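1. A predicted structure for the sequence below; I have some questions about it.
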Amino acid sequence: VATVQKLNTKRSEEIFKEAQTLLPGGVNSPVRAFKSVGGQPIIFDRVKDAYCWDVDGNKYIDYVGSWGPAIVGHANDEVNTVLKAQIEKGTSFGAPCELENVLAKMVIERVPSVEMVRFVSSGTEACLSVLRLMRAFTKREKIIKFVGCYHGHADSFLVKAGSGVITLGLPDSPGVPANVAAATLTATYNDLEAVKELFAANKGEIAGVILEPVVGNAGFITPTKEFLQGLREVTQAEGALLCFDEVMTGFRISKGCAQEYFGIIPDLTTMGKVIGGGMPVGAYGGRKDVMMMVAPAGPMYQAGTLSGNPLAMSAGIKTLEILARPGAYEHLQKVTKMLVDGLLEAGRDAGHDICGSNISGMFGFFFCKGPVNNFEEALASDTAKFGRFHRGMLEEGVYLAPSQFEAGFTSLAHKEEDIKATIEAAKRVMKRI
Ligand code: PMP
């Protein structure tokens, strides 16, 4: 058994101790707190390319990428250059700017379902706005979501939700009014029959179906093509809207998002993360007749002081520009497949049950035999073992998402040598967990 390196995390510990007296749980977003993997969070000092450094000077190969935005690599030089230039022109206008048109055109051109778009400042905001829009357009109140999918923290979505709420065991949060939660119907992911049953039992009452077209918030789970196709057909037949929440998958699964990859066109799409290139941006868009309901074009109200912020638009434009260059998605697929294959092999060689996969620069693995087609099956994974693996990899200089129920992300800055080093580390760690 290899000796476990002891990380020096003295400064991280001091800072986190103080943070716990200032911020609930010491963090501003729950999954960061390392609750499910044990130990305490690493406090970051800086990031560059595929790496992050903590306040004690430890360097890590990073597979979180700020939870998705860092797809062209952290602190990318080209993105930084446009940001610096924009700072000189002002950081916030609260008035229209041409950059909004530029980013809107890029989104409309790439994303098959998007004919018009509204920019907001987070994925949560995009999803809660699209929820109101689905209800406004159909004049119906109920929605269907899937167990383990996460669509931000609006009341209606904190029903059997994924991500941090699963990790902390709080899938149904206190504070959500019972009548609000009752309007959210849930089904098992990849189970089309369950969706049809909900439509049959709630005839004419369902405004729409929202889902992660590839799940990243219950671990990494892929849809069957028949499931996506079936959702498209049943929503159309029932006069309900279909919304793909592409906050995580958008511009990551492919240039035209998961909807282009699977060839299924929803009515509405939410976006976030990549679209802001590391700045706070979200967006929702879709069919023009539906989007024309949004104020001031139509009566559905939604607004934002920082929406369309020029710094955020600049970072998003440059990021999407870099992603359009030849070979970008091929690189993401190549390094990520190599990573997942290596992790699975390292696990199996050490005698562990393990399964996993990737699409483009998004991946995941579970410590169970698999296959995993929904959150219920993901629960079979050995989360205590994942915790030991996570800690072991941290000690080896690899930063993974601190939960079994989160996807991992690579970037254009991840080189084959980073992947090889990660796999070598995984081989050592798999043997001692
Ligand atoms: N939808 C999905 C699919 C997400 O993964 C997330 C965040 N992880 C959100 C919505 C919420 O986005 P934000 O954290 O920017 O509010």
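-> Sure, I can see it. Given the structure is predicted, the values throughout are model-derived calculations rather than measurements. Numbering: from 1, shown residues only.
2. Any residues of the protein in contact with the ligand? List them.
-> Taking CB under 6 Å from any ligand atom as the contact definition, the chain meets the ligand at 67, 122-124, 127, 150-152, 163, 212, 216-217, 245, 247-248, 272, 282. Every C-beta, even on glycine, is put in place using the N, C-alpha and C of the backbone.
3. Please tell me how far the closest residue to residue 408 other than its chain neighbours sits from residue 173.
-> Leaving aside its sequence neighbours, residue 408 sits nearest to residue 63 (CB to CB, 6 or more residues apart in numbering; 4.4 Å). Distance, residue 63 to residue 173, using CB to CB, to the nearest Å: 28 Å.
4. ok, back up a step: tally up the residues packed near the residue nearest to residue 408, please.
-> Per other CB atoms under 10 Å, the neighbour tally for residue 63 reads 22.
5. Also the one 10 residues further on?
-> One way to gauge burial is a neighbour count; for residue 73, by other CB under 10 Å, it gives 22.
6. which SSE is the closest residue to it other than its chain neighbours in?
-> Computed as CB to CB, 6+ apart, the closest residue to residue 73 that is not its neighbour in sequence is residue 413, at 2.8 Å. For residue 413, there is no helix or strand it lies in under DSSP states H and E.
7. from what I can see residue 413 touches residue 49, true?
-> Yes: here residue 413 reaches residue 49: they are 3.8 Å apart, a contact under CB atoms under 8 Å.
8. Next, show the common contact partners of the two.
-> Listed as contacting both residue 413 and residue 49 by CB atoms under 8 Å, 6 or more residues apart in numbering are 73, 74, 76.
9. who touches the first one in this structure?
-> By CB under 8 Å, 6+ apart, the residues touching residue 73 are 48, 49, 50, 411, 412, 413, 414.
10. Filter those residues down to the buried ones.
-> Buried residues within the contacts of residue 73, counting neighbours by 16 or more other CB atoms under 10 Å: 49, 50, 411, 412, 413, 414.
11. show me where the stretch 251-400 of the chain has helices.
-> Using DSSP state H, counting those that start in this stretch, the helices assigned to the stretch 251-400 of the chain run over residues 257-262, 288-291, 310-323, 328-349, 375-378, 383-395.
12. now for those, which one comes closest to residue 359?
-> helix 257-262 (6.9 Å; CB to CB).
13. Please enumerate residues in contact with that closest one?
-> By CB under 8 Å, 6+ apart, helix 257-262 touches 110-113, 213-214, 223, 225, 228, 244, 246, 249-251, 253-254, 265-266, 269, 271, 359-360.
14. let's see it at 10 Å
-> For helix 257-262, contacts defined as CB atoms under 10 Å, 6 or more residues apart in numbering pick out 107, 110-114, 212-214, 222-225, 227-229, 232, 242, 244-246, 248-255, 264-266, 269, 271, 274, 329, 359-360, 362.
15. Take those and keep only those in strands.
-> Mapping the contacts of helix 257-262 onto strands (DSSP state E) picks out 242, 244, 245, 246, 269, 271, 359, 362.
16. Tell me which residue is most central in the chain.
-> residue 248 (3.1 Å; CA atoms, centre = their mean).
17. quick revisit: how much space between the residue nearest to residue 408 and residue 330?
-> With distances taken as CB to CB, residue 63 is found 19 Å from residue 330.
18. Check residue 324 too.
-> Note on residue 324: its distance to residue 330, by CB to CB, is 13 Å.
19. Likewise for residue 427?
-> Distance, residue 427 to residue 330, using CB to CB: 27 Å.
20. Over to residue 90?
-> Distance of residue 90 to residue 330, computed by CB to CB: 38 Å.
21. Scan the helices and strands of the chain for the one with the lowest mean pLDDT.
-> The helix or strand of the chain with the poorest confidence is helix 164-167; it has a mean of 76 (mean pLDDT, DSSP states H and E).
22. Using CSV, write out every CA atom in that one.
-> Output in CSV follows, covering the C-alpha atoms of helix 164-167 (Å, rounded to 0.1, in the frame of the first residue of the first chain):
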residue,chain,number,x,y,z
GLY,A,164,-26.1,19.9,-3.6
VAL,A,165,-29.6,19.1,-2.3
ILE,A,166,-29.0,15.4,-3.0
THR,A,167,-25.5,15.6,-1.6
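23. what helix or strand is the nearest residue to residue 152 once chain neighbours are set aside on?
-> Using CB to CB, 6+ apart and skipping the chain neighbours, the partner closest in space to residue 152 is residue 124 (2.9 Å). Residue 124 belongs to helix 123-138 when elements are defined using DSSP H and E.
24. Which strands and helices lie in contact with the strand or helix carrying residue 104?
-> In the assignment (DSSP H and E), residue 104 maps to helix 98-110. Under the contact criterion of 3 or more CB pairs under 10 Å, 6 or more residues apart in numbering; DSSP states H and E, helix 98-110 touches strand 116-120, helix 257-262, strand 282-286, helix 310-323.
25. Would you tell me which of those gets closest to residue 354?
-> Nearest to residue 354, of these and by CB to CB, is helix 257-262 at 24.6 Å.
26. In the stretch 51-200 of the chain, which residue sits closest to the ligand?
-> residue 123 (2.2 Å; CB to the nearest ligand atom).
27. Give me the neighbour count for that residue.
-> Quick note: residue 123 (other CB under 10 Å) scores 30 neighbours.
28. Not including adjacent chain positions, what is the nearest residue to it?
-> Using CB to CB, 6+ apart, the nearest residue to residue 123 is residue 272, at 3.3 Å.
29. can you list the domains in this structure?
-> 10-63+326-432, 77-323 (automatic domain parsing).
30. returning to that earlier point: which one among the contacts of residue 73 gets closest to the ligand?
-> Nearest to the ligand among the contacts of residue 73, counting by CB to the nearest ligand atom, is residue 411 at 16.7 Å.
31. May I ask which helix or strand encompasses the closest one?
-> Per DSSP H and E: residue 411 is located in neither a helix nor a strand.
32. Correct me if wrong: it contacts residue 339.
-> No: under the criterion of CB atoms under 10 Å, residue 411 is not in contact with residue 339, lying 11.8 Å apart.
33. any residues in contact with both of these two?
-> Common neighbours of residue 411 and residue 339 (CB under 10 Å, 6+ apart) are 63, 361, 418.
34. between the residues you listed, which is closest to residue 185?
-> residue 361 (32.3 Å).
35. Please look at that closest one and residue 338 and confirm they touch.
-> No: applying CB under 10 Å, one finds residue 361 not in contact with residue 338, separated by 11.9 Å.
36. Tell me which of those two has more neighbours.
-> Ranked by neighbour count (other CB under 10 Å), residue 361 and residue 338 place residue 361 first, with 26 against 18.
37. tell me the contacts of that one?
-> By CB under 10 Å, 6+ apart, residue 361 lies in contact with 65, 68, 71, 252-253, 274, 328-329, 331-336, 339, 408-412, 414.
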